[in-house]
Structure formats: structure tokens, C-alpha cells
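1. no sequence on hand, only this structure:
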């Protein structure tokens, strides 16, 4: 199967994004798809920490 890859580098997500699993795999999967930044109204602390360790930029935007 061909590996999917998208042109977008920034993911704009909803308010519950990054609030589930505490594993690094969530961040790794986003980076494997080509994302380098995520903008969301909030992130779980563990997701934010895993993103920082892996080089994925996260930005909180309350709107």
C-alpha cells in the first residue's frame, strides 16, 4: 500500500485534540504524515510534552 502524505504542514484541530493517549505514537503519527505544527484551543500536558520532545510545534488558539 502506498504511504499517504499530505502537502499541509500545519494541522488546525478542535478543542479535544491531543487529550487522549499519553504515548508518543500520537505525535509520531502526525509527523509521519508530514505535519510540523498543530493549532488547537487546548492540549493535554502530556501531549504538549511529547510534541516538544519530538519537534512538533503546538500553539494554543482559544478561538
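-> Everything's here; your move. The structure displayed is predicted, hence computed values, not measured ones.

2. neighbours of residue 40, just the number please.
-> As a burial measure, the neighbour count of residue 40 was computed by other Cβ atoms under 10 Å and equals 20. Just so you know, the C-beta spots here come from the backbone N, C-alpha and C atoms, and that holds for glycine as well.

3. now swap in residue 39 and tell me
-> There are 15 residues near residue 39, going by other Cβ under 10 Å.

4. residue 10 - nearest residue in space that isn't next to it in sequence?
-> Here the nearest residue to residue 10 in space, its sequence neighbours aside, is residue 37; by Cβ to Cβ, 6 or more residues apart in numbering that works out to 4.6 Å.

5. list the contacts of the one you found.
-> Listed by Cβ atoms under 8 Å, 6 or more residues apart in numbering, the contact set of residue 37 reads 9, 10, 11, 56, 57, 58, 59.

6. closest to residue 32 out of the residues you listed?
-> Each of the contacts of residue 37 was checked against residue 32 using Cβ to Cβ; the closest is residue 56, at 10.9 Å.

7. let me see the contact set for that closest one.
-> When the contact criterion is Cβ under 8 Å, 6+ apart, the partners of residue 56 are 27, 30, 31, 35, 36, 37, 38.

8. follow-up on the earlier one: gap between the residue nearest to residue 10 and residue 17?
-> 13 Å (Cβ to Cβ, to the nearest Å).

9. do the same with residue 30
-> As defined by Cβ to Cβ, residue 30 lies at a distance of 10 Å from residue 17.

10. which residues are in contact with each of those two?
-> residue 38.

11. same list (the contacts of residue 37) but as JSON lines, adding distance to residue 45.
-> Output for those, formatted as JSON lines (distance: Cβ to Cβ, whole Å):
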{"residue": "9", "distance to residue 45": "24"}
{"residue": "10", "distance to residue 45": "22"}
{"residue": "11", "distance to residue 45": "19"}
{"residue": "56", "distance to residue 45": "15"}
{"residue": "57", "distance to residue 45": "16"}
{"residue": "58", "distance to residue 45": "11"}
{"residue": "59", "distance to residue 45": "15"}
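
12. going by distance to residue 48, which of the residues you listed wins?
-> Within the contacts of residue 37, the smallest distance to residue 48 is 5.6 Å, found for residue 58 (Cβ to Cβ).
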